[in-house]
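**Q** fold the stuff below for me.
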Amino acid sequence: MAGPPTLELLRCPPSGKAVVRMTPKGPSPVDLESAAPASSRRSLIGALGAVGLAGAAALTIARPASAAPNSPTETEKMLLRQAMELELTAEALYQDAIAAGLTDDALALAVVFADNHVTYADKIAGAAGFSAKTRNEEVYEALKSAFATSNAEAFAEVAATLENTAAATHTALLAEYVSVDARTLTASIVVVEARMATVLTDLGGLASDLDNVFQPDTEPLQLTAGAAS
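**A** The predicted model follows:
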């Protein structure tokens, strides 16, 4: 069985709006160690097993704690808003899948994961001081038809792609954050969304190939602090 398609976001045009496309890739996985910043999602998961979540978050902070602000900066707030919009997009897509008639394990996962994403959106909004009320329409439009399915395997494949993309996006944003709150919150989201992707990969029958688990063929969405909210 072929792996799920990759959600690919092209470089942002001058308007700041993202351009999204779904592109099937070949069997060669993306090397997350080289594609992501110094602390990739895979290294975060490894760190979690050794030192726990707090230690994993600390590994992403390059400057001394005394030199880092606790609260998000104004630039970080613009990036966090886009991260929040991605979380609300994921929640909306899971709701579409639920409405399409998923059953059994697929339905249970969709309900829990939708709740997780709206919770993360609320946490991001709370940390940055704005309301969680808008989604990323480009990503939603790119994936809504794929999520409108009652087929558990098809749902699992597209949802795993979404979770891997979200985890990669948050991981990439870690390098842009300087505040303790933004980094710690983002690290906690990365770890859980990576686990969610693993569960979905197993549900879709693709976990026997460990590359699908540890080196998923996904790229982070390209978010910029200057993009329109």
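
**Q** give the buried residues for the helix or strand encompassing residue 162.
**A** Per DSSP states H and E, residue 162 falls inside helix 152-174. Residues of helix 152-174 classed as buried by neighbour count (16 or more other C-beta atoms under 10 Å): 152, 154-174. (Each C-beta comes from the backbone N, C-alpha and C, glycine too.)

**Q** all helices in the protein, in order from the N-terminus.
**A** 32-35, 41-59, 74-99, 104-128, 137-147, 152-174, 180-203, 211-214 (DSSP state H).

**Q** determine which stretch of those is the most buried.
**A** For these, average neighbour numbers computed from mean count of other C-beta atoms under 10 Å are highest in helix 152-174, which has a mean of 25.

**Q** now that helix: mean pLDDT?
**A** Averaging pLDDT along helix 152-174 gives 93.

**Q** CA atoms of that helix as PDB?
**A** Extracted in PDB, the C-alpha atoms of helix 152-174 (Å, rounded to 0.1, in the frame of the first residue of the first chain):
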ATOM      1  CA  ALA A 152     -11.200   4.200   8.300                       C
ATOM      2  CA  GLU A 153      -8.100   3.400   6.300                       C
ATOM      3  CA  ALA A 154      -8.400   6.500   4.100                       C
ATOM      4  CA  PHE A 155      -9.100   8.600   7.100                       C
ATOM      5  CA  ALA A 156      -6.100   7.300   9.000                       C
ATOM      6  CA  GLU A 157      -3.800   8.000   6.100                       C
ATOM      7  CA  VAL A 158      -4.800  11.600   5.500                       C
ATOM      8  CA  ALA A 159      -5.000  12.300   9.300                       C
ATOM      9  CA  ALA A 160      -1.500  10.900   9.800                       C
ATOM     10  CA  THR A 161      -0.300  13.200   7.100                       C
ATOM     11  CA  LEU A 162      -2.000  16.100   8.800                       C
ATOM     12  CA  GLU A 163      -0.500  15.200  12.200                       C
ATOM     13  CA  ASN A 164       3.000  14.700  10.900                       C
ATOM     14  CA  THR A 165       2.800  18.100   9.100                       C
ATOM     15  CA  ALA A 166       1.500  19.800  12.200                       C
ATOM     16  CA  ALA A 167       4.300  18.300  14.300                       C
ATOM     17  CA  ALA A 168       6.900  19.300  11.700                       C
ATOM     18  CA  THR A 169       5.500  22.800  11.600                       C
ATOM     19  CA  HIS A 170       5.700  23.300  15.300                       C
ATOM     20  CA  THR A 171       9.200  21.800  15.400                       C
ATOM     21  CA  ALA A 172      10.300  24.300  12.800                       C
ATOM     22  CA  LEU A 173       8.800  27.100  14.700                       C
ATOM     23  CA  LEU A 174      10.800  26.200  17.800                       C
END
